[in-house]
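Novice: model the following, please.
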Amino acid sequence: MSNHAETKIDCSKVYVKQSSFSNETTGMFDGAFATVPIKEGDLVEKGVMRRLPEGFDGNTCPYIFTWSTERPNKVRERDLLTERF
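Specialist: Next up, the predicted model:
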């Protein structure tokens, strides 16, 4: 991870670029790719999730990305913390 001990966010093990799967049929989209080999149990990103204020509606803010099959649209912390590669 980052060499700076005080950093609140670190995404140094991944980068984003246009996906080779994107085309005129699928639409153009980006993908996330590893910069280093990632083994099961490795920490990949740190600090990318932040708790929003109670009552904040992420569906009305163009600067916040939210996703869910539930409404209101919320991300559960445990879902992100247990994602395995």
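Novice: show the average pLDDT along stretch 49-63.
Specialist: When pLDDT is averaged over stretch 49-63, the result is 75.
Novice: now it: buried residues?
Specialist: Gly58 (16 or more other CB atoms under 10 Å). C-beta here means a position set from N, CA and C on the backbone, and glycine is covered the same way.
Novice: now swap in stretch 34-54 and tell me
Specialist: Taking 16+ other CB under 10 Å as the neighbour-count basis, stretch 34-54 is seen to contain the buried residues Val44, Glu45.
Novice: ok, Phe29 - contacts?
Specialist: With contacts taken as CB atoms under 8 Å, 6 or more residues apart in numbering, Phe29 has the following neighbours: Gln18, Ser19, Phe21, Ser22.
Novice: which parts of this structure are helices?
Specialist: Secondary structure of the chain by DSSP state H: the helices cover 77-81.
Novice: so in it, where's the weakest helix or strand by average pLDDT?
Specialist: Lowest mean confidence among the helices and strands of the chain (mean pLDDT, DSSP states H and E): helix 77-81, at a mean of 50.
Novice: where along this structure do the strands fall?
Specialist: Counting by DSSP state E, one finds strands in the chain at the ranges 14-18, 30-34.
Novice: in a markdown table: those, plus distance to Met49 and mean pLDDT.
Specialist: Conversion of the strands of the chain to a markdown table gives the following (distance: least, CB to CB, whole Å; pLDDT from 0 to 100):
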| stretch | distance to Met49 | mean pLDDT |
| --- | --- | --- |
| strand 14-18 | 15 | 92 |
| strand 30-34 | 15 | 91 |
